[in-house]
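test case, fold it:
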Amino acid sequence: VTDYYGPIIYSRFADPNAEYMPDTQEAVYKEFFCELDTAVSTLTGYVESNPEAAEFSRFDILMDGEYISWIRFANSLRMRYAMRLSVVDPVTAEKEFREASEGLNVIKAQDEIFAVPENNGWDNLTGVFTRSFDDQVLSSTVANLLTNLGDVEVVDMYPRLVSNVKDANYLGIYYNRHYVANTDNPTKQYWLDGIPENLDPRALKIFCLPDDTEAENYIDKYLDKSAKDFALLAVDAEGKPILDDKKQQKRIEIDATKCWNGYPAGTRATWSSTVSYNELVSNGYGPGCTLPMLGSDYCNGKARIYFAPWESYFLLAEAAEYGWISNISAKEAYEAGIRSSFEYFGVSEYANKYINSTNYNRVGTSVAFDHTTEPSSFKATYVDGYTKETKEIQYQYPVASKTLYGKALNDHITKIITQKFIAQMPYQVL
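The predicted model follows:
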């Protein structure tokens, strides 16, 4: 809450004599660290004096009832909060992180995940993604991150999708009259009529392709609509509607079945005359039928993760990269985080190939930790959506200085944050 709103009522909560005076965000964080430090010290002392104590297990509805589990959780939270101060108060951040990570007594295994069960209903445990009218679709940003990352071929993971796979250097069909240009997305205005040759192995564990009825996480929130029911309304080069003999606007039919495309952030037909002719993203049902969506396991209720081992490892990797800690190297922690995430998603067989990959995703980041060469433009192919001609273009990656990070596209920090972002989806992203 304080990360969103700044000052909040915390230390004086429920104290009418304080007139509900809010604490500054700095004060809130200091209180966090104090409370976590006290909790760890108290529980550690108790466990050392009472190693067989198990009375807490009767009341623990979240974890395994072991005091040590809560100690690990407290240390892990402390690392998370410390890292959030890495820019605004690096001195405090380093101090708190060092103390929290000493001995690496943090969440590091799958059976230590802190998660809360969710239901598919209308109660206090109702999942945030379960509503039938929600369509949590793939965004363009995430699509670019997952495409080509890791050098693992889709056909190796899903042989049944072989006919849908497109070459790694193919961008798709270019529809510049139907997608806006005022974005720095390097794949803007392209519609991929299939699946990229290479995808991060977690991609199709998190998202389900449109109308992929054979997928283990298949979901269909709009039973009366399909991936073939939406089109682009034809316009000429000046944006004027093209009419048929009956004075009806012509339609460019699109079959989005098993296609990998992201929703352009901020797209709404009422904001753009260009997009108003694009039913794939402007129709109320369009995105949920034509774009990959969070799979059924998330949308039908799934344990909501609040802290997992991969987060611990990526936090440790970042801290090691800053020189805060020496009990684990940045590379070791980074690779352990990837392996932990792969284990959770059940794709560990691809981990070795993935970790050693020097392939760039669509935004210029590779996986291999020691591969820090910045990406160069490359020759890509596409199809002109209006003339049907196959053409070539020099694909340009984002300009590093214009990104939020502003330093590089493929350095260690970029790799760590990229992997942390992917592993945390859709919960607690950063």
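
in the stretch 51-200 of the chain, which spans are helices?
67-83, 90-101, 140-146, 154-157 (DSSP state H, counting those that start in this stretch).

for F13, give me its contacts.
Applying Cβ atoms under 8 Å, 6 or more residues apart in numbering, we find F13 in contact with Y20. All C-beta atoms are positioned from the backbone trio N, CA, C, and that covers glycine.

residues in contact with the worst-scoring helix or strand of the chain on mean pLDDT?
When the helices and strands of the chain are compared on mean pLDDT, DSSP states H and E, helix 296-299 comes out lowest with a mean of 84. Helix 296-299 is contacted from outside by 120, 127, 129-130, 134, 136, 206, 208, 217-219, 221, 293, 426, using Cβ under 8 Å, 6+ apart.

most neighbours among those, which one?
M293 (27 neighbours; other Cβ atoms under 10 Å).

before we move on, back to that, G239: which of the helices of the stretch 51-200 of the chain is closest?
Closest approach to G239 among the helices of the stretch 51-200 of the chain is made by helix 140-146 (22.0 Å; Cβ to Cβ).

elements contacting the closest one?
Helix 140-146 is packed against helix 412-424, with contacts defined by 3 or more Cβ pairs under 8 Å, 6 or more residues apart in numbering; DSSP states H and E.

neighbours of the residue nearest to D212 when sequence neighbours are not counted, how many?
Once flanking residues are discounted, D212 sits nearest to K258: 5.3 Å by Cβ to Cβ, 6 or more residues apart in numbering. K258: 24 surrounding residues under other Cβ under 10 Å.

any idea of the pLDDT on K258?
K258 carries a pLDDT value of 97.

heads up, I number from 23, so please use that
Let's use 23 as the start, then, which means that last one is K280.

hang on, it in a strand?
No: judged by DSSP: H, G, I helix; E, B strand; the rest coil, K280 forms no part of a strand; its state is coil.

can you name the residues that contact it?
Contact partners of K280, counting by Cβ under 8 Å, 6+ apart, are L183, N186, G216, I217, L231, P232, D233, D234, A249.

among those, who's most crowded?
Result: L231 is most packed of those (other Cβ under 10 Å), 27 neighbours.

now do the contacts for the residue in the chain sticking out farthest from the centre.
Ranked by distance from the centre of the chain (Cα atoms, centre = their mean), the top residue is D267, with 46.8 Å. Going by Cβ under 8 Å, 6+ apart, D267 touches no other residue.

equivalent analysis for I264, please.
Counting by Cβ under 8 Å, 6+ apart, I264 makes contact with A256, V257, D258, Q271, K272.

okay, now the second one: neighbour count?
The one in question is V257. 20.

same deal with the third one?
Look at D258: counted by other Cβ under 10 Å, it has 10 neighbours.

how close does it sit to G194?
Applying Cβ to Cβ, to the nearest Å, the value for D258 to G194 is 22 Å.

with the last one instead?
Between K272 and G194 the computed distance is 21 Å (Cβ to Cβ).

between the two, which is the more surrounded one?
Taking other Cβ under 10 Å, K272 and G194 do not tie; G194 has more neighbours (22 against 13).

ok, that one touching Y404?
Yes: G194 is in contact with Y404 according to Cβ atoms under 8 Å; the separation is 6.1 Å.

which residues do those two both contact?
Joint contacts of G194 and Y404 (Cβ under 8 Å, 6+ apart) are Y212.

which stretches of the stretch 223-372 of the chain have low pLDDT?
288, 290-292 (pLDDT under 70).

what segments of it are helices?
225-228, 301-304, 308-312, 318-321, 331-344, 352-367.

make CSV out of those helices and add distance to P38.
Shown next, in CSV, are the helices of the stretch 223-372 of the chain (distance: least, Cβ to Cβ, whole Å):
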stretch, distance to P38
helix 225-228, 46
helix 301-304, 50
helix 308-312, 47
helix 318-321, 42
helix 331-344, 38
helix 352-367, 45
